[in-house]
Every structure is written in C-alpha cells, then in structure tokens.
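Trainee: here is the input, now give the coordinates:
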Amino acid sequence: MISSKSNEQYKILKSLTTKKGRLMHNAFLIEGSKIIEEAKKLNVKLITYCPKGCDVDLANFLINSISDLESKPDMIAKVEIKKVNLDFKNSKRILYLDNVNDPGNVGTLIRSALAFNFDTVVFSNLDIYNQKITRSSRNATFSVNLIDEKDYKNIFLIFKKYGFKIYGALLSEDAKEINELNFDEKLVVVLGNEGHGISDPILKILDEKIYIKINKKLESLNVAIAGAIIMNKINS
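Mentor: Numbers count the residues shown, from 1 in each chain. You can find the predicted model right below:
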C-alpha cells in the first residue's frame with residue numbers, strides 16, 4: 001500500500017497532472033473505474049491504482065490529492081502514450097485542428113471523429129493528454145490516432161504525399177456548402193481556432209473551402225458542433 005507523498009510512484013503519478021511530467025514519463029492519467037474498464041477492453045497498456053484490488057494499492061487520500069475532480073474517482077490509471085504514427089497509407093479521413101485549444105471542444109471533436117469514422121486527429125501544438133481533454137474524449141482517446149505536430153508544413157506535405165484532398169471549414173465567398181459536394185475518399189478536414197478561424201498559411205494550402213448553411217440570425221456555430229456536422233455529412 002502506497003500511503004506517503006514521498007513515495008516515488010506517487011510522485012510520478014502526481015507529475016502526470018502536468019505537461020512536463022507527461023512528456024518526461026511518456027504517460028498520462030485516466031480517472032474512474034468506468035473509463036478504465038473501457039480502456040482495458042481496448043487492450044490499452046495501463047497500470048491501475050486504488051485502495052484495494054488494483055495493480056497497485058494506493059491510499060484514497062493520495063488519489064484525492066492527484067485528481068482535481070470535485071467528485072473524486074474510485075481509482076486512477078497510468079496509461080502509456082502511443083508512439084506517433086505518421087504513416088497515413090491506410091488512413092482515409094483525417095481531422096486537422098488548427099490551434100483549436102478549448103479542452104471541451106477538443107475532447108468532443110475526438111469523440112465525434114470516432115463516431116463518424118475519422119481515423120486520425122492532428123493537432124497544432126496542443127497538450128493532447130491534458131486531463132480535461134481525456135475526460136471529455138472518453139475512450140475515443142484510445143481508438144483514434146492522435147498526433148500533435150508543431151510543423152504544419154511537414155504534416156501537410158505528408159498529406160499531399162499520400163494523396164489527401166484538403167478541405168477547410170470557413171465562411172468565405174468562394175466556399176461551397178457541404179451538401180453540394182461529393183467528398184473525396186481520402187480527405188483532411190481543417191477546423192480553425194474558435195476566435196480566429198483557420199490561419200493564413202494553412203488557408204493557402206486548402207484544396208477546397210466548405211461551409212455549413214445555417215439560419216441567418218446566427219453568425220456561426222461552435223467549432224465542435226460544426227466539426228461534428230461536417231464529419232457526419234462525410235460519413236453519411
């Protein structure tokens with residue numbers, strides 16, 4: 001039973017609540033028996049911690065000190081971060097998030113990607129294993145290929161190499177309404193930052209600009225809602 005904050009395993013678990021700790025130990029935390037059981041069914045590599053009956057017995061007050069949830073979890077688990085895979089030979093649908101950084105939106109988009117058969121989500125310089133993101137994305141974290149790539153030029157060169165058509169969602173005079181299009185089989189959908197949209201360098205790379213027709217009384221949709229609508233359209 002680990003019952004002291006001076007214990008090395010506890011210190012590692014505590015460090016996984018920070019980006020630096022996750023990078024150092026190539027691992028992240030998940031919380032609660034339900035999501036942990038879901039992860040086990042997907043053969044995710046993990047080590048469980050709880051007061052009794054887990055891989056490692058960890059005192060309840062220490063679990064509480066690690067979790068920032070108001071309703072504390074019954075157990076936690078340390079999960080190994082998967083190796084990044086930039087081989088898109090077998091990929092068909094990719095979601096690229098251009099500086100989308102709200103954890104709730106990001107987590108929802110990861111879940112929507114899984115729901116609508118997008119196999120990969122690429123981020124531009126985001127701490128993708130932040131606990132707020134893993135909570136909102138649930139088991140989709142383990143089922144979708146997640147990639148954080150700071151060098152947008154490199155990743156889009158790879159997309160082009162593998163024959164992907166690049167679609168960007170934005171309000172523009174030359175954008176096409178999503179219901180007017182027959183989407184390519186191999187594609188990347190780019191969604192922009194919540195406040196600023198798609199950045200100028202990536203706008204220049206797009207093959208096609210797309211938009212969702214909405215009631216004129218609304219200026220725009222939340223990025224997570226817009227992304228889900230677009231991915232659902234492509235999947236249908």
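
Trainee: the chain: helices as residue ranges?
Mentor: Shown for the chain, the helices assigned by DSSP state H span residues 8-15, 19-25, 33-41, 60-66, 103-115, 131-137, 140-143, 152-161, 200-203, 223-235.

Trainee: would a markdown table of the ones you listed with distance to N215 be doable?
Mentor: Any C-beta I mention is one placed from the backbone N, CA and C, and that applies to glycine too. Below are those laid out as a markdown table (distance: least, C-beta to C-beta, whole Å):
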| stretch | distance to N215 |
| --- | --- |
| helix 8-15 | 48 |
| helix 19-25 | 40 |
| helix 33-41 | 36 |
| helix 60-66 | 45 |
| helix 103-115 | 21 |
| helix 131-137 | 27 |
| helix 140-143 | 30 |
| helix 152-161 | 33 |
| helix 200-203 | 26 |
| helix 223-235 | 13 |
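
Trainee: measure the residue lying closest to Q131 once chain neighbours are set aside to C54 for me?
Mentor: Distances taken as C-beta to C-beta, 6 or more residues apart in numbering place L29 nearest to Q131, at 6.2 Å, with adjacent residues excluded. Separation of L29 from C54 (C-beta to C-beta, to the nearest Å): 14 Å.

Trainee: which one's more surrounded, these two?
Mentor: In terms of neighbours (other C-beta atoms under 10 Å), L29 is the more surrounded of L29 and C54; the figures are 23 against 17.

Trainee: tell me the contacts of the residue positioned nearest the centre of the chain?
Mentor: Centre of the chain computed as the mean C-alpha position; nearest residue by C-alpha atoms, centre = their mean is I110, 4.6 Å away. Contact partners of I110, counting by C-beta atoms under 8 Å, 6 or more residues apart in numbering, are 121, 133, 136-137, 140-141, 144, 146.

Trainee: do the same with I36
Mentor: By C-beta under 8 Å, 6+ apart, I36 lies in contact with 30, 46, 48, 75-77.

Trainee: return the subset of those lying in strands.
Mentor: With strands identified by DSSP state E, the entries of the contacts of I36 that belong to them are 30, 46, 48, 76-77.

Trainee: as CSV, the residues you listed with neighbour count would be great.
Mentor: Formatted as CSV, the ones in strands among the contacts of I36 follow (neighbours: other C-beta atoms under 10 Å):
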residue, neighbour count
I30, 25
L46, 20
T48, 19
I76, 26
A77, 26
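
Trainee: go through those and name the one nearest G197.
Mentor: Set against G197, the nearest of these by C-beta to C-beta is I30 (32.2 Å).

Trainee: which intervals of this structure have sub-threshold pLDDT?
Mentor: Segments of the chain classed as low confidence (criterion: pLDDT under 70) are not present in this model.
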